[in-house]
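Engineer: mind folding the following:
(one chain, ligands or ions: 2)
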Amino acid sequence: MDYKTPFGVKIDLETGVIPGANKLVRRLSDMRGYFLDEKAYEELLKEDPIVYEVYAIEQEEKEGDLNFATTVLYPGKVGKEFFFTKGHYHAKADRAEIYCGIKGRGGMLLQTPEGEAKWIPMEPGTVVYVPPYWAHRTVNTGNEPFIFLAIYPADAGHDYGSIKEKGFSKIVIEEDGEVKVVDNPRWKL
Ligand SMILES: O=C(CO)[C@@H](O)[C@H](O)[C@H](O)COP(=O)(O)O
Ligand SMILES: [Fe+2]
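Structural biologist: Ligands and ions are numbered 1, 2, ... in the order given. Below you'll find the model as predicted:
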């Protein structure tokens, strides 16, 4: 039997960086069409801020193995809408996932293919169970980077298509100084 070698890595809990990980950067320009307020999007695009970074340690796409990744989701808004990750179903839709909050504040929007949505607030120490078949997107509702760890099956993959096209049935906005989870006016099943 050809065994793989176990290893440990230390996540920098202040910055979210995992040494040796693959780094992915998502700027606002990578997220055209994702935010509701198109005028505010075009305006902020002049700066093209980084919306989030992912540090991933990934294995071959094989059943039984695990990947893990930190995400550093920066604070900011497009119009009233807080910065968020693109959000996805898993390509193998029945693959579950675990998230754990490390730093900052935010939450996760989850949604079934039928459009049932759920919002789970997250802070350092919050563990979120993402069940099979639920799309998931994280949102930074604070004013510092929101950092979390995700652990997911190595063969889960990402399916961005349907969320990119239709979004989530809920959006997370700031209104009158409050965080509100409200119906997405552009949502259709
Ligand atoms: O859920 C996972 C992996 O299954 C996270 O590691 C996200 O991939 C990351 O938070 C970025 O979000 P997306 O751009 O992939 O939606
Ligand atoms: Fe995922």
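
Engineer: what's G115 in contact with, if anything?
Structural biologist: Contact analysis of G115 by CB atoms under 8 Å, 6 or more residues apart in numbering lists 169, 187, 189. From N, CA and C alone the C-beta is placed, and that goes for glycine too.

Engineer: so which of those residues is the most crowded?
Structural biologist: S169 (18 neighbours; other CB atoms under 10 Å).

Engineer: would you mind listing the buried residues in the longest helix anywhere in the chain?
Structural biologist: The longest helix of the chain (DSSP state H) is helix 38-45. Using 16 or more other CB atoms under 10 Å as the test for burial, helix 38-45 gives 41, 44.

Engineer: near ligand 1, which residues of the chain show up?
Structural biologist: 54, 69, 71, 85-88, 97, 136, 138, 150, 152, 156, 158 (CB under 6 Å from any ligand atom).

Engineer: would JSON lines of these with pLDDT be doable?
Structural biologist: Formatted as JSON lines, the residues of the chain next to ligand 1 follow (pLDDT from 0 to 100):
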{"residue": "V54", "pLDDT": "99"}
{"residue": "A69", "pLDDT": "99"}
{"residue": "T71", "pLDDT": "99"}
{"residue": "T85", "pLDDT": "98"}
{"residue": "K86", "pLDDT": "98"}
{"residue": "G87", "pLDDT": "98"}
{"residue": "H88", "pLDDT": "98"}
{"residue": "E97", "pLDDT": "99"}
{"residue": "H136", "pLDDT": "98"}
{"residue": "T138", "pLDDT": "99"}
{"residue": "A150", "pLDDT": "99"}
{"residue": "Y152", "pLDDT": "99"}
{"residue": "A156", "pLDDT": "98"}
{"residue": "H158", "pLDDT": "98"}
